[in-house]
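Chemist: Next comes the sequence, and after it the predicted model I'd like to discuss.
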Amino acid sequence: MSFTVIRSVEFRADLKEQAGWYVEQGGFELAERYTSAVTETLSRLARHPFSGRPRRFRSPSLQGLCSVMAIRPFNAHVVFYRIEGETVLLVRVMHGARDLPHRLRQSPVGD
């Protein structure tokens, strides 16, 4: 059984922003490889939503988040999500070396 996957506005903004950064740094091919890696990660997550790691953040707004790393070679990027019934709600996607509790509460636009 595959869960329904819903991309939040913040997730879509993060993905667009990161793909744009890859276009600037390495061109459209690199950005396409990044987007494909995230898409494949989401397909796997739809089939195995409990394969991610439950996260423990102090902020009440971040309670209940799980995470999974994007597939190689973009495995430094982390997809944050919540499971709600038979739905995987994608919350954010960002580089794992960030100050995650801080960045997860920030707007993805304008970074």
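Modeler: Received, thanks.
Chemist: switch to C-alpha atoms for all contacts and neighbour counts from now on
Modeler: Will do.
Chemist: tell me the mean pLDDT for stretch 46-55?
Modeler: Stretch 46-55 comes out with an average pLDDT of 93.
Chemist: and the end-to-end length of that stretch?
Modeler: End-to-end distance for stretch 46-55, by Cα to Cα, to the nearest Å: 19 Å.
Chemist: Please apply the same query to stretch 68-75.
Modeler: Terminal-residue distance, stretch 68-75 (Cα to Cα): 9 Å.
Chemist: Off-centre distance for that stretch?
Modeler: Distance of stretch 68-75 from its chain centroid, counting by Cα atoms, centre = their mean, to the nearest Å, is 10 Å.
Chemist: Residues contacting that stretch, please?
Modeler: 34, 37-38, 40-41, 51-53, 76-80 (Cα atoms under 8 Å, 6 or more residues apart in numbering).
Chemist: if you look at these, which of them are in strands?
Modeler: Judged by DSSP state E, the contacts of stretch 68-75 include 53, 77-80 as members of strands.
Chemist: on that earlier part again, could you identify the buried members of the contacts of stretch 68-75?
Modeler: Buried subset of the contacts of stretch 68-75 (neighbour count, 16 or more other Cα atoms under 10 Å): 34, 37-38, 41, 52, 77-80.
Chemist: among those, which two are most distant?
Modeler: 34 and 52 (19.6 Å; Cα to Cα).
Chemist: Just the terminal-to-terminal distance for stretch 90-101.
Modeler: Chord length of stretch 90-101, first to last residue, is 16 Å (Cα to Cα).
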